[in-house]
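In: Give the three-dimensional model of this entry:
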Amino acid sequence: MKTINLLVIFIIVALVQIFVPAQMIFNQEKIIDTGVAYKFKTQPIDPSDPFRGKYIVLNYEVDTFKTSDSLWNYGEDVYVYLNQDSLGFAQVNQVSKFELKGHKDYVMAEVNWYNRNEAELHFNLPFDRYYMEETKAYDAELAVRNSQRDSVPNSAYALVYVKEGEAVLDDVIINQVSIKDFVEKKEGSN
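Out: Numbering: from 1, shown residues only. This next block holds a predicted model:
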């Protein structure tokens, strides 16, 4: 009887271990399939950090909003409501401490700080890491950094799908080419 109970417990634990990651993957794929694609212009990337893994760090031009509401606390969750410009790039339409009825696309961000002199709220978007194959992450970071020095506007951006407060960073695009392909092309030419 003990063996059967242990076997049942083992099967339940195994199913939970399969279900949880599968559900996370399914949710992200659902957002990509049914969410709205936004392009977020990137800013120069922070230096690499060998202790945090193999990814590139992305900073975004869209990380502030002018507001006269000065009662913001560091680390507080904030609803960032988005719209798109004529080229599909993300713009902040509104920020709020609470969910607003009638507003469609938003992401949850974290308050960084409030600049009283500029009446500007600074926030951190939740999709600031793009994970890559270990051997390509450094080349990808250099490619994004170099594209931002380029005189061509909008040459580097993150493609993020947004749906009901959830966001999935799908790709980083440099000169209209996926960063994965961009780095592989670069490796092939060397």
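In: domains of the chain?
Out: Domain ranges of the chain: 1-34, 35-189, per automatic domain parsing.
In: Which one of those domains has the poorest average confidence?
Out: Mean pLDDT is lowest for domain 35-189 out of the domains of the chain, coming in at a mean of 82.
In: I'd assumed residue 58 was in contact with residue 128.
Out: Yes: look at residue 128 against residue 58 with Cβ atoms under 8 Å: they come within range, at 5.2 Å. For the C-beta atoms, the positions are set from N, CA and C on the backbone; glycine is no exception.
In: Those two: who's more crowded?
Out: The residue with more neighbours, out of residue 128 and residue 58, is residue 58; 24 against 19, by other Cβ atoms under 10 Å.
In: ok, now which ones touch the most centrally placed residue in the chain?
Out: Taking Cα atoms, centre = their mean, the centroid of the chain lies closest to residue 127, which sits 1.9 Å from it. For residue 127, the contact set (Cβ atoms under 8 Å, 6 or more residues apart in numbering) comprises 58, 107, 158, 160, 167, 168, 169.
In: After the host helix or strand of residue 16, heading C-terminal, what element do we hit next?
Out: Using DSSP states H and E, residue 16 sits within helix 2-34. Using DSSP H and E, the helix or strand that directly follows helix 2-34 along the chain is strand 36-43.
In: And that following strand, what's buried?
Out: Buried residues in strand 36-43, defined by neighbour count with 16 or more other Cβ atoms under 10 Å: 36, 38, 39, 40, 41, 42.
In: farthest-separated two in those residues?
Out: Using Cβ to Cβ, the buried residues of strand 36-43 reach their maximum pairwise distance at 36 and 42, which is 19.0 Å.
In: Report how many residues lie close to residue 62.
Out: That count, for residue 62 with other Cβ under 10 Å as the rule, works out to 19.
In: got it, and residue 125?
Out: 21.
In: Roughly how far does the nearest residue to it once chain neighbours are set aside sit from residue 140?
Out: Nearest residue to residue 125, sequence neighbours excluded (Cβ to Cβ, 6 or more residues apart in numbering): residue 109, at 5.3 Å. Look at residue 109 and residue 140: by Cβ to Cβ, to the nearest Å, they are 24 Å apart.
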